[in-house]
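A.B. asks: got a predicted structure plus its sequence, pasted below:
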Amino acid sequence: MTPTIRPARRAEMGLLADWAANEGWNPGLHDADTFFAADPEGFLLAEAGGEAAGCISAVRQGSGHGFIGFYIVRPDWRGKGVGLALWRAGMARLAGRVVGLDGVVAQQASYARSGFVLAWRNLRFAAAAPVRLGGGEGEVLPAGNVPFQDVAALDAGVFPAEREAFLRAWMAAPGHCALAVRGAGGLRGFGVARPCREGTKLGPLTATDPAAARALFNALVAGAPGPVFLDLPESNPAAVALAREAGMASAFETARMYAGPAPTLRQERIFGVASFELG
């Protein structure tokens with residue numbers, strides 16, 4: 001049976017989040033709204049036998065990039081061609097773009113056969129109650145109190161395309177705590193903590209220097225329901241040190257892979273990625 005692939009409607013995004021929860025991905029409570037804002041036609045749904053059978057995100061980012069994620073086939077539809085149809089539809093939607101993804105270990109060889117090349121590893125750290133860090137420095141304030149263009153400018157160094165719609169939705173979602181760190185030279189950091197079905201996830205956590213990152217981390221985890229999760233690039237040793245000093249343990253890893261030239265990012269400023277689904 002050949003499945004029908006179409007963009008998911010906003011009202012269907014909750015179903016996709018439920019599938020993610022069933023896979024153990026622990027989605028945020030408001031990921032449906034914020035992910036949809038990133039690209040309203042970027043989440044594809046497969047229908048087979050008159051029912052929803054699987055999904056994939058193929059989110060366009062700016063004019064030249066895209067990201068594949070949220071790749072799920074319902075267990076009772078696996079092995080029936082649904083996954084391949086979704087993959088082909090997602091890649092077709094991103095044709096002509098540099099495409100990124102965060103691949104789990106079991107699938108990395110498969111992605112490599114599709115032309116994806118390893119750029120770096122992302123690690124998920126977790127702790128029931130992170131330890132407060134020393135070495136934090138800077139004035140922490142609500143991110144809404146700084147000009148959005150300053151946040152966007154900082155984000156531009158760590159993300160390959162403009163994502164204003166997503167960032168605005170991410171900052172404003174119910175229960176999300178968006179904070180900034182300011183210094184004499186201007187904005188030094190920006191971060192968000194979001195409530196999830198289990199505990200809290202931090203990300204993005206972007207800072208010009210480790211001291212600003214530590215100040216942000218302390219403020220974001222203060223009072224946050226545990227466990228607390230932080231996804232970060234292994235290629236930033238200061239980020240790894242921050243997580244370990246906070247008593248967090250590495251529990252999961254993905255491979256950031258690209259089909260096409262990997263973007264040049266300020267990885268030393270990435271102390272936490274927003275999500276594995278959108279990069």
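C.D. replies: Received it, and whenever you're ready, just let me know what you need.

A.B. asks: just to be sure, Ala109 is in a helix?
C.D. replies: Yes: using DSSP: H, G, I helix; E, B strand; the rest coil, the secondary structure at Ala109 is a helix.

A.B. asks: the strands in the protein, which residues?
C.D. replies: With DSSP state E, the ranges of strands along the chain come out as 4-7, 43-48, 51-61, 65-73, 98-104, 117-127, 139-142, 177-183, 186-195, 200-207, 228-233, 249-259, 270-272.

A.B. asks: could those go into JSON lines alongside mean neighbour count?
C.D. replies: Where you see a C-beta, it was placed from the backbone N, CA and C, and this is true even at glycine. Below are the strands of the chain laid out as JSON lines (neighbours: other CB atoms under 10 Å):
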{"stretch": "strand 4-7", "mean neighbour count": "15"}
{"stretch": "strand 43-48", "mean neighbour count": "22"}
{"stretch": "strand 51-61", "mean neighbour count": "23"}
{"stretch": "strand 65-73", "mean neighbour count": "26"}
{"stretch": "strand 98-104", "mean neighbour count": "22"}
{"stretch": "strand 117-127", "mean neighbour count": "18"}
{"stretch": "strand 139-142", "mean neighbour count": "14"}
{"stretch": "strand 177-183", "mean neighbour count": "22"}
{"stretch": "strand 186-195", "mean neighbour count": "24"}
{"stretch": "strand 200-207", "mean neighbour count": "26"}
{"stretch": "strand 228-233", "mean neighbour count": "24"}
{"stretch": "strand 249-259", "mean neighbour count": "18"}
{"stretch": "strand 270-272", "mean neighbour count": "28"}
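
A.B. asks: Gly226 contacts Gly199, correct?
C.D. replies: Yes: counting by CB atoms under 8 Å, Gly226 touches Gly199, with 5.2 Å between them.

A.B. asks: which intervals of this protein have sub-threshold pLDDT?
C.D. replies: Of all residues in the chain, none has pLDDT under 70.

A.B. asks: quick one: the closest residue in space to Phe67 that isn't next to it in sequence from Val117, how far?
C.D. replies: Leaving aside its chain neighbours, Phe67 sits nearest to Gly279 (4.5 Å; criterion: CB to CB, 6 or more residues apart in numbering). Using CB to CB, to the nearest Å, Gly279 is found at 15 Å from Val117.

A.B. asks: ok, Leu167 next?
C.D. replies: With distances taken as CB to CB, Leu167 is found 28 Å from Val117.

A.B. asks: count the residues that sit near Ala106.
C.D. replies: For Ala106, the count of nearby residues is 7 (other CB atoms under 10 Å).

A.B. asks: same deal with the one 3 residues further on?
C.D. replies: Other residues lying near Ala109 total 9 when counted by other CB under 10 Å.

A.B. asks: what does Glu234 give?
C.D. replies: 15.

A.B. asks: next: Pro263.
C.D. replies: Residues contacting Pro263 under the criterion other CB under 10 Å number 17.

A.B. asks: now the one 5 residues further on
C.D. replies: Here the neighbour count serves as a burial measure; for Glu268 (other CB under 10 Å) it reads 18.

A.B. asks: same check on the one 5 residues further on?
C.D. replies: Neighbour count of Val273, defined by other CB under 10 Å: 25.

A.B. asks: and the gap between it and Ala239?
C.D. replies: 10 Å.

A.B. asks: overlap in contacts of the two?
C.D. replies: 232-233 (CB atoms under 8 Å, 6 or more residues apart in numbering).

A.B. asks: mutual contacts of Gly226 and Gly199, please.
C.D. replies: Overlap of the contact sets of Gly226 and Gly199 (by CB under 8 Å, 6+ apart) is empty.
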